[in-house]
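Student: Here is a sequence together with a model predicted from it:
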Amino acid sequence: MSADRKPVLTGGCQCGAVRFAVYASPVRIGLCHCRMCQKAVGGPFISLAEVKHEDFAWTRGKPGSFRSSTIAERDFCAACGTPLSYRQIGGPVIELTTGSFDRPDRVVPTYATGTESHLSWVGRIASLPGKSTLELAGAETLGRIVSHQHPDHE
């Protein structure tokens, strides 16, 4: 990656051992509900931002990878386990987990795939009653917590 290119988005794992930069807006951003993606993130779906390989670089560390099928590999931080990407072997893009971006609010999904495994309750998430972390734990408890996560910036 050219040293004079400025990233438009950055991100990385929970512990900060692996960081990345994106030098152009993602091609597209979507959700995948397929069973393989559910298992890869331990959740009901994965949110991925497609980025052309030439617009992407690992800027700190090197992720571990797992060949999840005959056509794809998934990258993750070997130190903390954060899922980081999905890549079709030999494909033109890397698909980055949107939660690993420093500003996940800037990578908004516009489509869904793998809908054959869509869990029926996912559509009701927005209507669930909720509390903020402060409301749930209280100020005293929050004041005693020391985060070991890397901040959402360099």
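Tutor: Right, received. Where do you want to start?
Student: can you give me the helices for the protein?
Tutor: 35-41, 133-137, 139-144 (DSSP state H).
Student: Show me which positions of the longest one end up buried.
Tutor: Neighbour-count burial for helix 35-41, counted by 16 or more other CB atoms under 10 Å, picks out C37, Q38, A40, V41. C-betas here are computed from N, CA, C, even on glycine.
Student: Same check on stretch 45-57?
Tutor: Residues of stretch 45-57 classed as buried: F45, I46, S47, L48, A49, E50, V51, D55, F56 (neighbour count, 16+ other CB under 10 Å).
Student: pLDDT of that stretch, averaged?
Tutor: Averaged across stretch 45-57, the pLDDT comes to 98.
Student: Dump it to CSV, keeping only the CA atoms.
Tutor: The C-alpha trace of stretch 45-57 is given here as CSV (Å, rounded to 0.1, in the frame of the first residue of the first chain):
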residue,chain,number,x,y,z
PHE,A,45,-25.7,-13.5,11.5
ILE,A,46,-22.5,-11.8,10.3
SER,A,47,-22.2,-8.3,8.9
LEU,A,48,-19.5,-7.9,6.3
ALA,A,49,-18.0,-5.0,4.2
GLU,A,50,-16.6,-6.0,0.9
VAL,A,51,-13.3,-4.3,0.0
LYS,A,52,-11.1,-4.8,-3.1
HIS,A,53,-7.8,-6.3,-2.2
GLU,A,54,-5.9,-3.3,-3.7
ASP,A,55,-7.8,-1.0,-1.3
PHE,A,56,-7.0,-3.0,1.8
ALA,A,57,-3.9,-3.6,4.1
